[in-house]
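Trainee: Let me see the structure of the following:
(2 chains)
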Amino acid sequence: TDELNQYPNVEETSKTVYSDPANYISALAKCYSSFVTAGQEKGGGDADLSSNNGYDYMRCYFNVQEAGTDELGSTWIEGDNIGDLSFLSWDANDPWVADMYYRCYYSISLCNEFLKNAVDSKIASFTEEEQAEIKLYREEARFLRAMAYSHAMDLFHDVPFADESVIGSSKLPEEIKAAKLFNFLVTELKDCSEGMLDVDACEYGHAPRAAAWMLLSRLYLNAEVYDAGVKNDSCMIYSQKVIDEGYALEADYGKLFNGDNHLRVGRGNEIIFPLVVDGTSVLSWGATTYLVCGEVDTDYGAAASEVGCTLAWSMFRIRGEVPALFDLDNDNRALFYTDGQNQYMDNGIDDRTGGYFVQKWSNLTDAGEAATNTTSDGVNTDFPMFRLADAYLMYAESAARSGNDMTTALSYVNDLRSHRNAASVSESELLATTDGIPYKFFLDERARELYWECVRRTDLVRFGCFTSNKYIWQWKGGVKDGKAVDDKYNIYPIPSAELSANPNLSNGDY
Amino acid sequence: QQTQINGLVVDAETNEPVPGTTVIVKGTQRGSVTMFDGSFTIEANQSEVLVFSFIGYLSQEVIVSPEANYNIKLQSDVVNMDEVVVIGYGEQRKGDLTGAVSNVSSKDFNQGIVSSPAQLINGKVSGVQIISGSGSPTSGSSIRIRGGASLNASNDPLIVLDGVPLEAGGISGNSSNFLSLINPNDIESMTVLKDASSTAIYGSRASNGVIIITTKKGSKDKIRVNFNSTNSLQIKSKLADMLSTNEFRNVVQVEGSDAQNALLGSNETDWNDEIFQLAYGTDNNVSVSGSLANVPYRFSAGYYDQDGILKTDNAQRTTGNLSVSPSFFEDHLKVNVGLKGSYNKNNFANTDAIWGASTYNPTIPVYSGNSVFGGYNEAIDENGKPVTGAVLNPLGTLNQYSSTSTVSRVIGNLDLDYKLHFLPDLRLHATLGYDYAKGEGEIYVPSTAAQFYVTDGRDYTYGPQKKENKLITTYLNYKKEFESIQSKVDVTLGYDYQTWKNTTNAYEETNTLDVSQSSVAADDQRHALISYYGRVNYSLQSKYMLTATVRQDGTSRFSSDNRWGTFPSVALAWRLSEESFLQGIDFLSNLKLRTSFGITGQQEGIGNYAYLPVYTISQNGAQYIFGNSTVNTYRPEAYVSDLKWELTKAYNYGMDFGFFNNRLSGSVEYYTRKTEDLLATVPSAAGTNFDKRILTNVGNVDSKGVELSINVTPVDNEDWTWDFSFNASWQEQTIKNLSIIPGSEISNTSVGSTIDSYYFQVLTEGYSPNMFYVYHQLYDETGKPIEGAYADLNNDGTINSSDLYRYHSPSPDYILGFSTSLRYKKWNLSTSLRSSINNYVYNGLSMNAGAYGTMSYNSSQLNNLHKSYLDTGFQSRQYLSDYYVENASFIKMDNISLGYNFGRVKNLFNLNMTAMVQNVFTITKYSGVDPEISGGIDQSFYPRPRIFSLSLGIDF
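Mentor: Purely as a prediction, here's the structure:
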């Protein structure tokens, strides 16, 4: 009955994969690529998992972090099922919410599988050099897992917790309270950053230790949202570590988001950790391709060639409130196309003549050529997950909130603004309460610096502005002039399918 | 005084000679046998009685007299207790059957153009539901026996062709109609095994029933040549109910914006007329049978060529079938060699055109007047490029798309049946079977076509995919009648070994400039099944019968801890009509009670390596970059290491009856079935596996049903024969448990087709599978649905997902079938009807094109709306409204035919002709194109055509 022992002939099994040290990089690469691509074939074919919309992590992440905020007006409300995200009216059946949730846990599971298999006992027979390499990969996998968990916690608050002991078992993950998960992530990140490489040793594509510090800073900055108390001091410590690591602000803001932005990574550059996208080998129809092609609308906006692409998806514009934050003529970051456009979306969020087009994301090379043929290859633009400007702003905001070291804080803010060709600001501006919102300068400055970089929802929540009437933008809550919505929308619901599979979980307010 | 009597014996229905009929002088040893032409000669005295008998016919008696007519017309026996029925690994007399077995022979098959063998018995067997996928000649049928036993594992019955269990599923280039590669004209009979007692001998693959197909064989007659040709025309019948051009224009003018009004043209284009055509089909078969040097043979060739009513849709099939059945050592060794080959060419139309024709703006012309996009009028943006996501010109969609495939399949079987010389009651049987198929195809879309305009068209080939299935069956059979104890014993012991191999070459999807758009990995899938089985049939006094079987299967699809399953069954039957206390009742010809219990297994429909932690390497383009190196990634696949057999425990209680010499006969069945350890795809708790849903063993499903079938021959005489048959089934399925974690509460598992990522159906414990899960629509006082207003079913003041409710299911409560045929002399009129009651369908087209918002997906084009818009006035789509779940009960007349048998023409050949109409009419309240929708979600249905055909048969 040997015939009954059949093994795959094209694929491998975990046993064969992890018996060869050369394969570990390929297993780790999947942990990374799971953030930007959706399958094992070019462009998302042979999909990773059954999903509603079929897109990668970053397309989902962009939608859940931006669509409901003042930074985005989506065109294809019906066709892209993005109405409920846009109007803050989703429920536990929302397709994008579910896709985001499962994408987070898919990446977590990939890292867990790597950590479960790349154990000391299994690699003991490899050379010391190979072992050292694999141990480094383990730290990177822990970092990536923490990053996906931090998104899950930020979006869903109390979530299931699964580590490498749960993957592939019949154990059901227990719910972990956000505060407890926060502590786990902090400990985990501090620990893995010890083993990760510094800016000089770290090869492009891998996460350097400063990426772990950036994530720590983000967690500390938002600690209160996660019921973990106020942690401004810790945020300052880790953003300072990042600033001391050897990165430098980029003089040409646009080059951070173009088809050659891989040249902006590492020592002396601004990008700390990019998610790699490449038209030839890391082809994605989500991630940055979604941003570049999505921002182009050749019917009303500029020609697609202006941002180096040929496909115009006409996906979205920016709502009027965000351009209003800019001194449009004196800020390099105001990369808007305004010709013939109304600033506000008076005729509906899907009216393409309302809201400026954004030209921040681009597939042009530094020389101004199209980096790829987007019709079959997507774009070449990396997604800068962490960049130095954010460290400056996190440091300054924490300093302002804790009343510590305002001198450094002010110098960081103005250093950044001078790189962006924007006017200097005073200390009182940093500390001001505007429209009843304390430290509103940082909420606004972060929008100016980081719009369309998947941080807006998190920032609005931290400032108590996402659902409340403290700050209203057009079409917030689905009405033209905007309105406050139920506070439950500060977090997303666990998808109903997951509730049916894991009785340890619940959705309090949904 | 003995006189020599000369006569002729023919079949009463077909007027064909019946060679081999026994002619005996009653009460004597004197007899004769009819010749190949049905003629006989016998010596007999006046007043003696001649008895004519032949298997499958009612015996007939004639008193010898000068006036007697010796041109005998034998009437076929409706239920002949001596008729032999093919069952698993053997055959059995009908009278000895203990299980729920239905046999349909070729004379009762549905007639007309038949694209797939399954359609031959549609509506003929109780408890069997057959739904063709669509009106396309390339589409297949789904077959459900007693509704299927599983949820996510396969619900397809096992199909055994001449002893070879066939490869399941499809193949590249013929994914949906794999069974069509068997020529329906070569099929002699189809036997449907329904209960566990009759199927359990097939063990692991028997949970969904078994269909045994037996093909025609040669006989020891003289050479017979049969030619049959059917030619047909197919026309479109009911189409989607969209706004007329005027209604559409009116809606746009009254409600549309200026920009929308600007998109109105002045034409009146009927897009359905553009894409649909009058389709021609032909099916020609020739067969030669006879015996050569005493070796019976049959050879047949068939050619089938059917256009679809959708332009560019076509299926062609050339088949050859050879069967040779020599015998050696005075019939001790019987050999049968069968070889079936088919070559199938398909032209797959781009069925997107059907949606397009429903929704494309009817006020604009087909052609733009310029040569861009091949001259077709398309929605373009300001740069002159097709609008992303626009509905494409329906005719351009068809004409600028070429998808062809060729599929060849060879099925060979060698049967050796050896009766031992020293113990003739013991037979040794071996079957070697081989099923090989190869499919490949080619896609071409010119770079001018709007479909792939921005990526320069498509031009690539895929495949070949190769499927190989090898079988060795060996069994010993001992059959003996012990007259002293009035017992018959039939024992079978066997061993089967079957392997499957399925390989596909890697290929690149390239455009017309030969630039790769995506690459598809090579595939190589194999599995094996090893089985031991045994069966005992015991009959006492031809009254009491017992069948017991056991089978043990080992599959490569489970780990060594779980791979063996044992599947026993037992059945009892009691022929009351043989009891002395019923012998006096003249009108009772048969009465039998049956009961059976059995356990069957299931492992079809799941992956071959689903219990192993498989890793897939990525293709180029799905890599990651570190430093300067591009790395292909390894992805772990979801797996469940402790997968095991899905088990079905089934009880069956049946009664067979026959009255008035079986002129009225039938059977009633009641069954219950419990499926445990269901192989179901259910949500997996996040963080435990590598997919959102995984296939695993969860929960139970119970089902029960009642089946009734009745055959009546009210009139049967020389000029007239009228018979009809009726069958009815009632069935009910309930999910008992569906949780991975015992005792945990599982609310609803979304299943079924989706539209824009909305699911419409759920599996819920305590309910039937696949029920629609929707909001309850509220209506205003005029009966018009109120947009977005739904019932607050849980009374919590808000309408959210907890107000969804379960509303009916796509499975019918009752399935009815009715056939009748009326013969007057040489004329024959027959028809069959089918009905399905309380099956529900979600009218997806009505929803998806029935809201004002769907008129514009982009600023360059208008789309036509479904007529339901006039009733609802919905502004945006109401996906989950129960308004769109409709009762799709129906009565269909599947076919009606009128035949005339010319009999012998100039003593050269027999001729018969039949005119037929298929898909004659449908009576239903369902508002969509067709109420018969597999799965219950009607999105854009390829209408089943009405078919008119003329068939001509010639026998030499």
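Trainee: Check which element follows the helix or strand that B:Leu870 is a member of along the chain.
Mentor: In the assignment (DSSP states H and E), B:Leu870 maps to helix B:868-872. Per DSSP H and E, the first helix or strand lying C-terminal to helix B:868-872 is strand B:885-887.
Trainee: and the helix or strand just after that following strand, which strands flank it?
Mentor: Sequence-wise, the next helix or strand downstream of strand B:885-887 (DSSP H and E) is strand B:890-905. Strand B:890-905 has the following sheet partners, assigned by DSSP bridges: strand B:827-837 (antiparallel), strand B:909-924 (antiparallel).
Trainee: what about dumping the CA coordinates of strand B:890-905 to PDB?
Mentor: In PDB, the C-alpha atoms belonging to strand B:890-905 read as follows (Å, rounded to 0.1, in the frame of the first residue of the first chain):
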ATOM      1  CA  PHE B 890     -42.100  25.200 -12.700                       C
ATOM      2  CA  ILE B 891     -43.700  22.700 -15.000                       C
ATOM      3  CA  LYS B 892     -41.700  22.000 -18.100                       C
ATOM      4  CA  MET B 893     -42.500  20.000 -21.100                       C
ATOM      5  CA  ASP B 894     -39.000  18.800 -22.000                       C
ATOM      6  CA  ASN B 895     -39.900  17.200 -25.200                       C
ATOM      7  CA  ILE B 896     -42.600  15.900 -27.400                       C
ATOM      8  CA  SER B 897     -42.100  13.700 -30.400                       C
ATOM      9  CA  LEU B 898     -44.000  12.100 -33.100                       C
ATOM     10  CA  GLY B 899     -42.600   9.100 -34.900                       C
ATOM     11  CA  TYR B 900     -43.600   6.900 -37.800                       C
ATOM     12  CA  ASN B 901     -42.200   3.500 -38.400                       C
ATOM     13  CA  PHE B 902     -42.300   2.700 -42.100                       C
ATOM     14  CA  GLY B 903     -41.200  -0.800 -41.300                       C
ATOM     15  CA  ARG B 904     -39.500  -2.700 -44.100                       C
ATOM     16  CA  VAL B 905     -39.000  -0.600 -47.100                       C
END
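Trainee: For that strand, buried residues please.
Mentor: B:890-897, B:899, B:901 (16 or more other Cβ atoms under 10 Å in any protein chain shown). Just so you know, the C-beta spots here come from the backbone N, C-alpha and C atoms, and that holds for glycine as well.
Trainee: Pick the one among those closest to chain A.
Mentor: Using Cβ to the nearest Cβ, B:Phe890 comes nearest to chain A of the buried residues of strand B:890-905, at 32.0 Å.
Trainee: thought that closest one was touching B:Tyr840?
Mentor: No. Using Cβ atoms under 8 Å, B:Phe890 and B:Tyr840 do not qualify as a contacting pair, with a distance of 11.7 Å.
Trainee: picking that back up, now the strands paired with strand B:890-905 as CSV including mean neighbour count?
Mentor: Below are the strands paired with strand B:890-905 laid out as CSV (neighbours: other Cβ atoms under 10 Å in any protein chain shown):
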stretch, mean neighbour count
strand B:827-837, 19
strand B:909-924, 18
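Trainee: Can you lay out the ones you listed as JSON lines showing mean pLDDT and distance to B:Ile201?
Mentor: Listed next are the strands paired with strand B:890-905 as JSON lines, based on pLDDT from 0 to 100; distance: least, Cβ to Cβ, whole Å:
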{"stretch": "strand B:827-837", "mean pLDDT": "93", "distance to B:Ile201": "30"}
{"stretch": "strand B:909-924", "mean pLDDT": "92", "distance to B:Ile201": "36"}
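Trainee: of all those strands, which lies closest to A:Asp70?
Mentor: strand B:909-924 (51.5 Å; Cβ to Cβ).
Trainee: could I have that closest one exported to CSV, CA atoms only?
Mentor: This file holds the C-alpha atoms of strand B:909-924, laid out as CSV (Å, rounded to 0.1, in the frame of the first residue of the first chain):
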residue,chain,number,x,y,z
PHE,B,909,-34.1,-1.8,-44.8
ASN,B,910,-36.3,-0.6,-41.9
LEU,B,911,-37.0,3.0,-41.8
ASN,B,912,-38.3,5.2,-39.0
MET,B,913,-38.7,8.9,-38.7
THR,B,914,-39.3,11.1,-35.7
ALA,B,915,-40.0,14.8,-35.4
MET,B,916,-39.4,16.4,-32.0
VAL,B,917,-39.6,19.6,-30.1
GLN,B,918,-37.5,19.9,-27.0
ASN,B,919,-37.9,22.5,-24.3
VAL,B,920,-41.5,22.9,-25.5
PHE,B,921,-42.8,25.2,-22.8
THR,B,922,-42.2,26.3,-19.2
ILE,B,923,-45.0,27.3,-16.8
THR,B,924,-43.6,29.3,-13.9
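Trainee: got a list of contacts for the helix or strand that that strand is followed by?
Mentor: Going down the chain from strand B:909-924, the next helix or strand is strand B:937-938, by DSSP H and E. Strand B:937-938 is contacted from outside by B:752-753, B:755, B:760-761, B:841-845, B:928-930, using Cβ atoms under 8 Å, 6 or more residues apart in numbering or on different chains.
Trainee: what do you get if the cut-off is 6 Å, keeping everything else the same?
Mentor: B:753, B:841-844, B:928 (Cβ atoms under 6 Å, 6 or more residues apart in numbering or on different chains).
Trainee: so the residue in the stretch 351-500 of chain B positioned nearest to chain A, which of the three states?
Mentor: Nearest residue of the stretch 351-500 of chain B to chain A: B:Val454, at 4.6 Å (Cβ to the nearest Cβ). The assignment at B:Val454 comes out as helix when based on DSSP: H, G, I helix; E, B strand; the rest coil.
Trainee: pLDDT on the helix holding B:Leu870, on average?
Mentor: For helix B:868-872, mean pLDDT is 95.
Trainee: Output the below-cut-off pLDDT ranges for chain B.
Mentor: B:1, B:13, B:55-56, B:76-82, B:169, B:176-177, B:220-221, B:740-747 (pLDDT under 70).
Trainee: remind me, longest helix of it?
Mentor: helix B:245-255 (DSSP state H).
Trainee: Quick one: list the elements packing against that helix.
Mentor: With contacts defined as 3 or more Cβ pairs under 6 Å, 6 or more residues apart in numbering or on different chains; DSSP states H and E, helix B:245-255 has no helix or strand neighbours.
Trainee: same thing but 10 Å
Mentor: helix B:258-261, helix B:868-872 (3 or more Cβ pairs under 10 Å, 6 or more residues apart in numbering or on different chains; DSSP states H and E).
Trainee: Go through these and name the closest to chain A.
Mentor: Comparing these by Cβ to the nearest Cβ, helix B:258-261 comes nearest, at 10.7 Å.
Trainee: Against chain A - does that closest one have any residue that ends up touching it?
Mentor: No. Using Cβ under 10 Å from any Cβ of the partner chain, we find that helix B:258-261 stays clear of chain A, coming within 10.7 Å at best.
Trainee: follow-up on the earlier one: isn't the residue of the stretch 351-500 of chain B closest to chain A right next to B:Gly384, touching?
Mentor: No. The pair B:Val454 and B:Gly384 fails to qualify as a contact (Cβ atoms under 10 Å) at a distance of 11.5 Å.
Trainee: more neighbours, these two?
Mentor: B:Val454 (16 against 9; other Cβ atoms under 10 Å in any protein chain shown).
Trainee: mind putting the strands paired with strand B:890-905 in JSON lines, distance to B:Ser487 included?
Mentor: Below are the strands paired with strand B:890-905 laid out as JSON lines (distance: least, Cβ to Cβ, whole Å):
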{"stretch": "strand B:827-837", "distance to B:Ser487": "42"}
{"stretch": "strand B:909-924", "distance to B:Ser487": "45"}
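Trainee: coming back round to it: quick check: which of the helices and strands packed on helix B:245-255 is buried the most?
Mentor: helix B:868-872 (a mean of 20; mean count of other Cβ atoms under 10 Å in any protein chain shown).
Trainee: Up against chain A, what does the stretch 301-450 of chain B have?
Mentor: Contacts of the stretch 301-450 of chain B with chain A, taken as Cβ under 10 Å from any Cβ, map to B:381-383, B:385, B:387-389.
Trainee: Give me the nearest residue to the residue of the stretch 351-500 of chain B closest to chain A, chain neighbours excluded.
Mentor: Nearest residue to B:Val454 in three dimensions, chain neighbours excluded: A:Thr375, at 4.6 Å (Cβ to Cβ, 6 or more residues apart in numbering or on different chains).
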